[in-house]
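Colleague: quick one: sequence and predicted model below, then my questions.
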Amino acid sequence: MNILYCAVDLFGLGGVQRYSRYEASILERMVPPVRLTAVSLFAPQQHDYFDQPLPKELTSAHGSRRRFMLDLLAQARCSPPDLVIADYLPMGPFALAMAARWRVPYIINVYGLEVWRPLPAKFRVPLLRATAIMSDCVFTQRYLQAQYRHLPPIAVIQDPVDCDRYQPREYDPAYRRQLGLKHGPVLLTVSRLKAGRSKGHDVVLRAMAQLVDTFPSLQYVIVGDGDDRPRLEALAVSLGLRERVVFTGRLDDGELPAVYHACDLFVLVSRFREGKQAAGEGVPLAVLEAQASGRAAITSKLDGSAESIVDGETGLLVDPHSVDEVAGAIARLLGDPALLRSMSARAAGAARQRNGLPVFAMKLTRLIELVTSKEVRVS
């Protein structure tokens, strides 16, 4: 089977990019063998360092949509596709064009906020004409079903996590010192710091301000970079937390396992809203990686994040807009070390069972078998 893979960016460090690299690597290892030809709209940037493998047959259009289309055509002529996959909704128009030209099925991956808003025709038409849609969470599946009367079948396949790479370990005191941390409990958030798309760092900072009397050695590590960093740094200073908060900036992908092991508790409480200014998460890959690393997580109960943990067993769900709820959840877990240890242990097992690469590979393989055999009743 020949698969043409239309990717927005196979080189970046974001969750969509990492999901796509996982997906592409599994497609290349499918049985019976698949020939995967991938074209990435964007090329590597200077800061893009990651450990996941890239497809063997991969070209980049360096941000040019015209060149991207020409590259897709050239690759398809050399190796006519049996299936086209768009790794992100903006790649839908290209996937539709290729699938129509070669009269083959196509799949569109969707995650969350890109479809939690009114869609222009250029994206709505490819979505509705797809042979199948692959969503990383039930939340998005139900949202789409409520918005559109005639939808292709939607397969829910959660984000995968490499449980051989992310494994439970005790923290390394030397690495903690390298980060500038002192003795005491450590919170962690891993995400981009992008203005207008709050991942809840400010809510965690305000929660910390409520907790410092109870946990005088509490610290917070923020991994990631972006244009929202100056605001967050200023907020930490204004709350009297400057010495307690470590901004690492962007880290190489290979350093992430050590960062997860450096914390006691992972927190990602992204704000949620629908509509033109949609915000929120599908299933956040960072929450899964933290759990696979043996760390319980606190995350949102309002969007797909709620599907990333088992509430009360591998972490806690909260209203991401409520400082009091976030502070209460942090206090509950840090104040009960036995509960935190048991949740963290269960988190690692749940991540492997629900989100390990073999589970993802089995579900993806089955979806492709159904789509290419025209049996597209998937769930």
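Modeller: Perfect, I can see it now.
Colleague: in space, what's closest to Thr314 - neighbours in sequence excluded?
Modeller: Counting by Cβ to Cβ, 6 or more residues apart in numbering, Ala347 is the residue found nearest to Thr314 once chain neighbours are left out, at 3.9 Å. From N, CA and C alone the C-beta is placed, and that goes for glycine too.
Colleague: so that neighbour versus Arg244, what's the distance?
Modeller: Going from Ala347 to Arg244 by Cβ to Cβ, to the nearest Å gives 25 Å.
Colleague: the more surrounded of those two?
Modeller: Ala347 (27 against 22; other Cβ atoms under 10 Å).
Colleague: tell me the contacts of the closest residue in space to Phe247 that isn't next to it in sequence?
Modeller: Among residues not flanking Phe247 along the chain, Ile222 sits closest, at 5.1 Å (Cβ to Cβ, 6+ apart). Residues near Ile222 by Cβ atoms under 8 Å, 6 or more residues apart in numbering: 189, 193, 201, 232, 245-248.
Colleague: for the residues you listed, which one is nearest Glu289?
Modeller: Ranked by distance to Glu289 (Cβ to Cβ), the contacts of Ile222 are led by Thr189 at 12.2 Å.
Colleague: a strand runs through the closest one, doesn't it?
Modeller: Yes: going by DSSP: H, G, I helix; E, B strand; the rest coil, the assignment for Thr189 places it inside a strand.
Colleague: what's opposite it in the beta bridge?
Modeller: Ile222 (DSSP bridges).
Colleague: how about Pro105: what's its closest non-neighbour residue?
Modeller: Thr131 is the one closest to Pro105 (Cβ to Cβ, 6+ apart), at 3.6 Å.
Colleague: I'd like the distance between the one you found and Asn109.
Modeller: 13 Å.
Colleague: who has more neighbours out of those two?
Modeller: Higher neighbour count among Thr131 and Asn109: Asn109, with 24 against 20, using other Cβ under 10 Å.
Colleague: in what helix or strand does the more buried one lie?
Modeller: Element membership for Asn109 (DSSP states H and E) is strand 106-110.
Colleague: for that strand, name the packing helices and strands.
Modeller: helix 15-28, strand 83-86, helix 92-102, helix 121-129, strand 132-135, helix 357-372 (3 or more Cβ pairs under 8 Å, 6 or more residues apart in numbering; DSSP states H and E).
Colleague: wait, Val104 touches Pro81, no?
Modeller: Yes: in this structure, Val104 is within contact of Pro81 by Cβ atoms under 8 Å, at 5.5 Å.
Colleague: neighbour-wise, which of these two wins?
Modeller: Pro81 (23 against 20).
Colleague: now do the SS call for that one.
Modeller: Per three-state DSSP, Pro81 ends up coil.
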